[in-house]
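*Asks:* Provided below are the primary sequence and the corresponding predicted coordinates.
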Amino acid sequence: MSAELEFRGLFKATALGMLQPGNWYLGFRCLACHETFAVLDDITGTGEVEPMGSGIFDVDCPACGAPNRYVAGDMLVFQSATAQAGQEIDPSRT
């Protein structure tokens, strides 16, 4: 059973810098470079969350820097396999 997470209003979001391998996140696929990036930790920790609502997110892509606007319906739920592009994984935290 998935948990519903409803967003309303305008959010000025910042992409998360370092992702912990194996953890679940909510984010977007950049409209410019198509890289996936996270803006929130998945509060369920399981990937069983369903983002919904009319919320709008203004966020810059951490990979290419492109500023874009996304709607809650564009939000992806994904599990991180590696650190953010160009960043090292701290082996003590895996």
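*Replies:* That came in fine, so what should we check first? Residues are numbered from 1 along each chain as shown.
*Asks:* could you give the number of residues near the closest residue to Leu31 other than its chain neighbours?
*Replies:* In this structure, Leu31 finds its nearest non-sequential neighbour in Asn68, 4.8 Å apart by CB to CB, 6 or more residues apart in numbering. In short, each C-beta sits where N, CA and C put it, glycine included. For Asn68, the count of nearby residues is 15 (other CB atoms under 10 Å).
*Asks:* quick check: phi and psi at Asn68.
*Replies:* Backbone torsions of Asn68, given as degrees, to the nearest 10, read phi -140, psi 160.
*Asks:* hmm, it is touching Ala32, no?
*Replies:* Yes: taking contacts as CB atoms under 8 Å, Asn68 lies within contact range of Ala32: 6.9 Å.
*Asks:* which neighbours do these two share?
*Replies:* Common contact partners of Asn68 and Ala32 (CB atoms under 8 Å, 6 or more residues apart in numbering): Cys61.
*Asks:* surely Val59 and Tyr70 touch.
*Replies:* Yes: if you go by CB under 8 Å, Val59 and Tyr70 touch, sitting 6.8 Å apart.
*Asks:* identify the contacts common to the two.
*Replies:* Shared contacts of Val59 and Tyr70, defined by CB under 8 Å, 6+ apart, are found at Phe28.
*Asks:* count of residues packed around Pro51?
*Replies:* Neighbours of Pro51 under the rule other CB under 10 Å: 20.
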